[in-house]
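Chemist: Predicted model, plus sequence, below.
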Amino acid sequence: MTSLPDSLPRIGLGTDRHRLVPDRACWLGGVLFGDCPVGPDGHSDGDAVLHALTDALLGAAGLEDLGTLFPDTDPTWQGVASESFLQAAIERLAAIGLHCWSVDLVVQCDQPKIAPQRDNIRRHLADLLALPVDRVNLKGKTREGVDAEIKAVDVTAVVLIGPTV
């Protein structure tokens, strides 16, 4: 097996999907979409953006995934803010000398519209990750009528991590 230098960057990919249901707070990227009539159903707050991002970071570092670390069968995580999962991932990376360098996210949903909160989400994630805002990108896409009868939010996250500088 070839040994790779610790200085080489690593790429992580995370995805998440949550059904959108009425009368549920709509948290995405740690930002509340207060005027949205639906929100992501989940054991925690259902923030699919933070779930996908957390999994991408953990995967890039070769660590256990979100579901293994914070199983939805454990009542401890019932209703928990997903920022706590992201913070735990950031701490795990720091413990092994790694830091997130860049994030790219795609959010697919028909509700809520991402554009009005896009900049707020980018700034919030940049703060959480201790990154400049231009290192956090976010794109909102509609589902283009695919599976129109199922209201859901799908998120894909790609991260670049490397040694703490």
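Modeler: It's in.
Chemist: moving C-terminal of the helix or strand bottoming out on mean pLDDT in the chain, what's the next helix or strand?
Modeler: Across the helices and strands of the chain, mean pLDDT, DSSP states H and E gives its lowest value to helix 66-69, namely a mean of 93. Counting by DSSP states H and E, the next helix or strand C-terminal to helix 66-69 is helix 83-95.
Chemist: how far out from the middle of the chain is that following helix?
Modeler: When distances are taken as Cα atoms, centre = their mean, to the nearest Å, helix 83-95 is centred 12 Å away from the chain's centroid.
Chemist: Just the buried residues of stretch 146-154, please?
Modeler: 151-154 (16 or more other Cβ atoms under 10 Å). C-beta: built from backbone N, CA, C; applies to glycine.
Chemist: what distance separates the least confident helix or strand of the chain from the middle of the whole chain?
Modeler: On Cα atoms, centre = their mean, the centre of helix 66-69 falls 14 Å from that of its chain.
Chemist: same check, this time on stretch 33-44
Modeler: The chain centroid and the centroid of stretch 33-44 are separated by 15 Å under Cα atoms, centre = their mean.
Chemist: Output it as PDB, nothing but the C-alphas.
Modeler: Output of stretch 33-44 as PDB, limited to C-alpha atoms (Å, rounded to 0.1, in the frame of the first residue of the first chain):
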ATOM      1  CA  PHE A  33     -37.200  29.700   6.900                       C
ATOM      2  CA  GLY A  34     -39.900  31.200   9.100                       C
ATOM      3  CA  ASP A  35     -42.600  31.700   6.400                       C
ATOM      4  CA  CYS A  36     -42.400  28.200   5.000                       C
ATOM      5  CA  PRO A  37     -45.600  26.000   5.500                       C
ATOM      6  CA  VAL A  38     -43.500  22.800   5.500                       C
ATOM      7  CA  GLY A  39     -40.300  21.600   7.100                       C
ATOM      8  CA  PRO A  40     -38.000  18.600   7.000                       C
ATOM      9  CA  ASP A  41     -39.200  15.600   8.900                       C
ATOM     10  CA  GLY A  42     -36.500  14.000  10.900                       C
ATOM     11  CA  HIS A  43     -35.500  12.600  14.300                       C
ATOM     12  CA  SER A  44     -33.400  15.800  14.900                       C
END
